[in-house]
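1. sequence and predicted structure below; questions after.
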Amino acid sequence: MGVSMSLRVIMAISAVALAGCAVGPNFHRPAPPQDADYGSAPAQGATASAPGSAGNAQQFIGGMDIPGQWWELFQSPKLSALVQQALKGNPSIDAARASLRQANDLYKAQRGSLFPAVQGSFGAQRAKNPTETLANPTSLPQVNPYYNLFTAQLSLSYMPDVFGGTRRSLEASRAQLEATRFEFVATYVTLSSNVVATAVQEAALRGEIAATGRLLALQQQLTETVQRQQSIGTVSNADLLQQQSLEAQTAATLPPLQKQLGQTRDALTALLGRLPAQEPTETFHLEELTLPGDLPVSLPSKVIEQRPDVRQAEENLHTASAQVGVALANMLPQFAITADTGSAALEIGKLFSPYTGFWDLGASLTQVLFNGGALYYRHRAANDALDQAAAEYRATVILACQNVADTLRALQADADALKADAEADRAAKASFDLARQQYQNGSMSLVALLNAEQIYQQAEVALVQAQASRYADTAGLFQALGGGWWNLPEATFQ
């Protein structure tokens, strides 16, 4: 009867403690930015267009949603397949998923602190009484000084969360779980974006190598022409040396490009979670990609909802807020309730028989009176950490909006640059063809031909780079806006 009443008292105290207020600040999500745009960065309208690959105009559409698999907008089955392979094979995804499971398990373990802890124990003891004493410890006739003692016991301990320190700690653990989840999302978005960017870089390098190879072939033909003319005395040896030097300079640009291509392929292989010997068979060229025509633009208030790094910073701020409550609760009185019940007998068969039972119930209150100011300064440190987390959150929001603005500016500039480079390439190609004909007819000097050739070479490479920039910055915009992770199945990040 006494034990039952004690347990009811403990459960009543538990209910009161759980219903009480928790000390410390209650977390409120920071107010979103109220800006309606990104300043002078273009957020509506269309970009310039240009002839040829990657030259179509792109339309900025405010409020347009982002598909979870946005890379499919490039309409390259090879690219989509490699992104999926990377998301399945890259070890960073496995590490992020394991980290999320760990955080979830730690949160579930933390929830146990809200409830009483119950332990069961059984002990067996063999002992000998002193025989030459006035009192017999066993209160039995001293026939045999040896005896056995068997004890079965159930113990309960509970610390009522009177001031909410345990609940604040659980709140912090929950926020840490969510921060880990958004870290997983960020890993997912970053990995998929890196695969796309690396594939675009490979395509650009292949384009530069091909353009340089075409120019080198033209220069080799020109060198042969100059050699024939030098042999019959119509041009000087200095003219031949100048042409040979230009050909050698062009040839010297190929090895660095080939090195970059090889390293880019290695990077792509690593993103797939493979060793260098397992390089993928897929290769990429700019003309195989389709530039998305419609581009989403989200308001700053929406970007902070979509960006996983901002959401992670918000959960870190939530964690710091809860830790202030934990530190404050540690400065207040600590309550503890203990209870024991069980049975002790000299023979194991007599356990739980009449007159062998025992129980006890206790409560305590502890208040730190002096510890050198440790609790006070820990509370101050928790407030300092909250200020730090708030500043880091603001910095993350600023950086996120800056990323979007930078990418929007880049896309506008990319389109203008491609339009100009396409026109420059067309004019340079026409000028070079005309100069070559005039030189062969004897109406143009070799110096003028070499100048036209050099201009054409620069225009060809610049055109390829401009095309690649449009693809790369388009992928960068999808990443800057959050990558569309919210449109993926919920099970993706579990």
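-> Structure received. Residues are numbered from 1 along each chain as shown.
2. was I right to think residue 126 contacts residue 148?
-> Yes - the pair residue 126 and residue 148 passes the contact test of C-beta atoms under 8 Å, sitting 5.7 Å apart. Using the backbone N, CA and C atoms, a C-beta is placed for each residue, glycine as well.
3. who has more neighbours out of the two?
-> Neighbour count, other C-beta atoms under 10 Å: between residue 126 and residue 148, residue 148 has more, with 12 against 8.
4. identify the residues contacting the helix or strand hosting the more buried one?
-> According to DSSP states H and E, residue 148 maps onto strand 146-158. The list of residues contacting strand 146-158 from outside it, by C-beta atoms under 8 Å, 6 or more residues apart in numbering, reads 7, 10, 13-14, 115-129, 138, 336-348, 351-352.
5. and the helix or strand that that strand is followed by, what does it pack against?
-> Remark: after strand 146-158, the chain's next helix or strand is helix 165-231, criterion DSSP H and E. Packed against helix 165-231 by the contact rule (3 or more C-beta pairs under 8 Å, 6 or more residues apart in numbering; DSSP states H and E) you find helix 77-89, helix 91-111, helix 237-252, helix 254-271, helix 308-329, helix 446-480.
6. go again with 10 Å.
-> In this structure, helix 165-231 packs against helix 2-19, helix 77-89, helix 91-111, helix 237-252, helix 254-271, helix 308-329, helix 374-441, helix 446-480, with contacts taken as 3 or more C-beta pairs under 10 Å, 6 or more residues apart in numbering; DSSP states H and E.
7. angle of the fifth one against helix 77-89?
-> Pointing back at helix 254-271 there. 50 degrees (axes from the mean of the first three to the mean of the last three C-alpha atoms, to 10 degrees).
8. tell me which residues of helix 254-271 come out buried.
-> 257, 260, 261, 264, 265, 267, 268, 269, 270, 271 (16 or more other C-beta atoms under 10 Å).
9. give the rounded mean pLDDT of it.
-> Mean pLDDT, helix 254-271: 97.
10. ditto for the first one
-> Rounded to a whole number, the mean pLDDT of helix 2-19 is 48.
11. could you report the pLDDT at the spatially most central residue of the chain?
-> The residue lying closest to the centre of the chain (C-alpha atoms, centre = their mean) is residue 186, at 2.8 Å. The confidence metric pLDDT takes the value 97 at residue 186.
12. shouldn't residue 51 be in contact with residue 423?
-> Yes - using C-beta atoms under 10 Å, residue 51 is in contact with residue 423, at 8.7 Å.
13. could you measure from residue 152 over to residue 119?
-> 12 Å (C-beta to C-beta, to the nearest Å).
14. actually residue 94, not the one I wrote
-> Taken as C-beta to C-beta, the span from residue 94 to residue 119 is 37 Å.
15. also residue 230?
-> Taking C-beta to C-beta, one finds residue 230 at 100 Å from residue 119.
16. which of the two has more residues huddled nearby?
-> More neighbours surround residue 230 than the other of residue 230 and residue 119, with 17 against 10 (other C-beta under 10 Å).
17. and the more buried one, what does it touch?
-> Applying C-beta atoms under 10 Å, 6 or more residues apart in numbering to residue 230 gives the contacts 236, 237, 238, 239, 240, 241, 243.
18. tell me where the model's unsure across the stretch 351-494 of the chain.
-> 447 (pLDDT under 70).
19. before we move on, the earlier item: now for the residue nearest to the residue nearest to the centre of the chain when sequence neighbours are not counted: which residues touch it?
-> Nearest non-adjacent residue to residue 186, counting by C-beta to C-beta, 6 or more residues apart in numbering: residue 308, 4.0 Å away. By C-beta under 10 Å, 6+ apart, residue 308 lies in contact with 181-190, 400, 482-483, 485-486, 493.
20. mind picking the two most distant members of those residues?
-> 400 and 493 (19.3 Å; C-beta to C-beta).
21. tell me which of these two has more neighbours.
-> residue 400 (23 against 17).
22. what about the closest residue to that one other than its chain neighbours, distance to residue 234?
-> Excluding the flanking residues, the one nearest residue 400 by C-beta to C-beta, 6+ apart is residue 307, at 4.7 Å. Per C-beta to C-beta, residue 307 is found 67 Å from residue 234.
23. neighbour count: the two, which is higher?
-> Neighbour tally, residue 307 and residue 234, criterion other C-beta under 10 Å: the higher count belongs to residue 307, 29 against 12.
24. give me the distance between that one and residue 273.
-> As for residue 307, its distance to residue 273 is 25 Å (criterion: C-beta to C-beta).
25. give me the domain ranges for the protein.
-> 1-23+117-160+334-366, 31-115+163-332+374-493 (automatic domain parsing).
26. out of the ones you listed, which one sits most buried?
-> domain 31-115+163-332+374-493 (a mean of 18; mean count of other C-beta atoms under 10 Å).
27. distance from that one to the middle of the chain?
-> 15 Å (C-alpha atoms, centre = their mean, to the nearest Å).
28. and it, end to end?
-> Start and end residues of domain 31-115+163-332+374-493 are separated by 26 Å (C-alpha to C-alpha, to the nearest Å).
29. what is the neighbour count of the residue nearest to residue 333 when sequence neighbours are not counted?
-> Using C-beta to C-beta, 6+ apart and skipping the chain neighbours, the partner closest in space to residue 333 is residue 367 (4.5 Å). Counted with other C-beta under 10 Å, the neighbours of residue 367 add up to 8.
30. for stretch 445-458, list the C-alpha coordinates in PDB.
-> Output in PDB follows, covering the C-alpha atoms of stretch 445-458 (Å, rounded to 0.1, in the frame of the first residue of the first chain):
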ATOM      1  CA  SER A 445      51.200  40.400 -96.700                       C
ATOM      2  CA  LEU A 446      52.000  37.600 -94.400                       C
ATOM      3  CA  VAL A 447      52.000  39.800 -91.300                       C
ATOM      4  CA  ALA A 448      48.400  40.900 -92.000                       C
ATOM      5  CA  LEU A 449      47.400  37.200 -92.500                       C
ATOM      6  CA  LEU A 450      49.100  36.200 -89.200                       C
ATOM      7  CA  ASN A 451      47.200  39.000 -87.400                       C
ATOM      8  CA  ALA A 452      43.900  37.800 -88.800                       C
ATOM      9  CA  GLU A 453      44.700  34.300 -87.800                       C
ATOM     10  CA  GLN A 454      45.500  35.300 -84.200                       C
ATOM     11  CA  ILE A 455      42.300  37.200 -83.900                       C
ATOM     12  CA  TYR A 456      40.300  34.200 -85.200                       C
ATOM     13  CA  GLN A 457      42.100  31.900 -82.700                       C
ATOM     14  CA  GLN A 458      41.200  34.100 -79.800                       C
END
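31. check contacts around the residue lying closest to residue 279 once chain neighbours are set aside.
-> Counting by C-beta to C-beta, 6+ apart, residue 269 is the residue found nearest to residue 279 once chain neighbours are left out, at 4.8 Å. By C-beta under 10 Å, 6+ apart, the contact list for residue 269 reads 198, 275, 276, 277, 278, 279, 280.
32. need these in a markdown table (columns: distance to residue 474 and pLDDT).
-> Putting those into a markdown table (distance: C-beta to C-beta, whole Å; pLDDT from 0 to 100) gives the following:
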| residue | distance to residue 474 | pLDDT |
| --- | --- | --- |
| 198 | 15 | 97 |
| 275 | 31 | 97 |
| 276 | 29 | 96 |
| 277 | 32 | 96 |
| 278 | 29 | 96 |
| 279 | 26 | 96 |
| 280 | 22 | 96 |
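33. just the ones of these in helices?
-> Secondary structure assignment by DSSP state H places residue 198 of those in helices.
34. could you redo the contacts of residue 269 as TSV and give each row distance to residue 44?
-> Listed next are these as TSV, based on distance: C-beta to C-beta, whole Å:
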residue	distance to residue 44
198	31
275	46
276	45
277	49
278	45
279	42
280	39
